[in-house]
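Colleague: okay, structure incoming, though there's no sequence with it:
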């Protein structure tokens, strides 16, 4: 009866956790409710994890001598993992958030792969369907693990350039087909077939090894400009792998949570790809991040540097300003100074709005979180489709640390790697100020003709320092912060 009660409790808790996951995800759709959504989903996960310890009451007789040791290891793993995650979460800088997300994606995929490994080495998956699902989850989880680690290395600057070799797509396809063939051999042998040339444990090791290598090979050639999409893809992979292994373990919480994460990740991936006017296959199998060199004379005009103070005073006397934040703002940790400057403008009657591109920064939603961290009201933040038409009637567009998402080449130059990508129409504003640390190119590696336009001036320097100079200049006119 005790076992029945424990299973009933686990089922109830898992059902409640699944509801909290979905409710939390729904609340994460808005910056206003996202913090509470994360908290609600976290409560659901905590409940599901704690309820899993009730499985101790239904372990097999042969495993009971090891029960206390395994429970101790589980508690220790939770304490260490939870402690490290709490410490890192408190200390990580906003600019390092994409790297952390990539690592966590990888750990989720690795956990799913580890579950599959236990099932395969322990011969616990029975029947063709269960074996096939286990192998599929193992493949996706291993690819997510190694691919996410490479994504982390790219985002963190450990790997500075895409690594491409001749015939790479053929090599990748060969490795993938080899992995599938080994998986098919494992399935054949597990169902009673005879495989005399290699033992089952070696087959499983080979399967995981090839899957990990494929994840590395698939991610190495992808350029930095595609990292938001890549992070979304591996998020979907991790969720799918967890859901598949939940099916094998007959765990409803894992199945529901995994499928919700997988579906959300897939939807986000499609939205990111749409924001770049490209398909997911195009991201994975082309050299988008390695843009061709532009021809001499292709860019007309010249760069026109101005002082930060002069730009700040000009905006003080404008009627409307739209601000386009980019990764450079996050790198300089200039969001607090920016909002201080915005409050000065608003107090003097200037209409100020923020325009967010879906792939601004190096992670989906990074700019929204950055502004929220600085306390920017949500009613000042607008997405591309909601604000793009306003640029043509705006006095000033202030672009801070962004490049590719305001590059007008995306509309006109069919030879550009970003051709067709929806952009923010900053170039259509009456006046444009661009804050950049130098004359470097954007993440896609191409020159932006906006910077050479007649209506555009460049303000060079660290974004935080530039905003500080603008604040001093405006305050010197006698303005007061709201």
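Modeller: Sure, I can see it. The structure presented is a predicted model; accordingly, all values stated were derived computationally and were not measured.
Colleague: just the element for the nearest residue to residue 190 once chain neighbours are set aside, please.
Modeller: Using Cβ to Cβ, 6 or more residues apart in numbering and skipping the chain neighbours, the partner closest in space to residue 190 is residue 131 (5.5 Å). (Each C-beta comes from the backbone N, C-alpha and C, glycine too.) Using DSSP states H and E, residue 131 sits within helix 128-155.
Colleague: got the phi and psi for residue 458?
Modeller: Torsion angles at residue 458 (phi, psi; degrees, to the nearest 10) stand at phi -100, psi 130.
Colleague: any idea which helix or strand comes after the worst-scoring helix or strand of the chain on mean pLDDT?
Modeller: Sorted by mean pLDDT, DSSP states H and E, the helices and strands of the chain end with helix 280-285, the least confident at a mean of 68. Downstream of helix 280-285, the next assigned helix or strand under DSSP H and E is helix 308-316.
Colleague: buried residues in that following helix?
Modeller: 308, 309, 311, 312, 313, 314, 315, 316 (16 or more other Cβ atoms under 10 Å).
Colleague: also stretch 208-218?
Modeller: By neighbour count on 16+ other Cβ under 10 Å, the buried set for stretch 208-218 is 208, 210, 211, 212, 213, 214, 215, 216, 217, 218.
Colleague: residues in contact with that stretch?
Modeller: Identification of contacts with stretch 208-218 by Cβ atoms under 8 Å, 6 or more residues apart in numbering yields 113, 117, 138-139, 142-150, 168, 171-172, 175-176, 178-179, 182, 284.
Colleague: gap between it and the chain center?
Modeller: How far stretch 208-218 lies from its chain's middle: 20 Å, per Cα atoms, centre = their mean, to the nearest Å.
Colleague: mean confidence for that stretch?
Modeller: Mean pLDDT, stretch 208-218: 93.
Colleague: adding secondary structure and distance to residue 447, write the buried residues of stretch 208-218 out as TSV.
Modeller: Shown next, in TSV, are those (DSSP: H, G, I helix; E, B strand; the rest coil; distance: Cβ to Cβ, whole Å):
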residue	secondary structure	distance to residue 447
208	helix	44
210	helix	41
211	helix	40
212	helix	38
213	helix	36
214	helix	35
215	helix	33
216	helix	32
217	helix	31
218	helix	29
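Colleague: how about low-confidence regions in the stretch 251-400 of the chain?
Modeller: Scanning the stretch 251-400 of the chain for pLDDT under 70 picks out 276-279, 282-299.
Colleague: and the residue nearest to residue 190, how far from residue 195?
Modeller: According to Cβ to Cβ, to the nearest Å, residue 131 and residue 195 sit 14 Å apart.
Colleague: again, but for residue 477
Modeller: Taking Cβ to Cβ, one finds residue 477 at 81 Å from residue 195.
Colleague: more crowded one of residue 131 and residue 195?
Modeller: Legend: neighbour count by other Cβ atoms under 10 Å for residue 131 and residue 195, higher for residue 131 (21 against 13).
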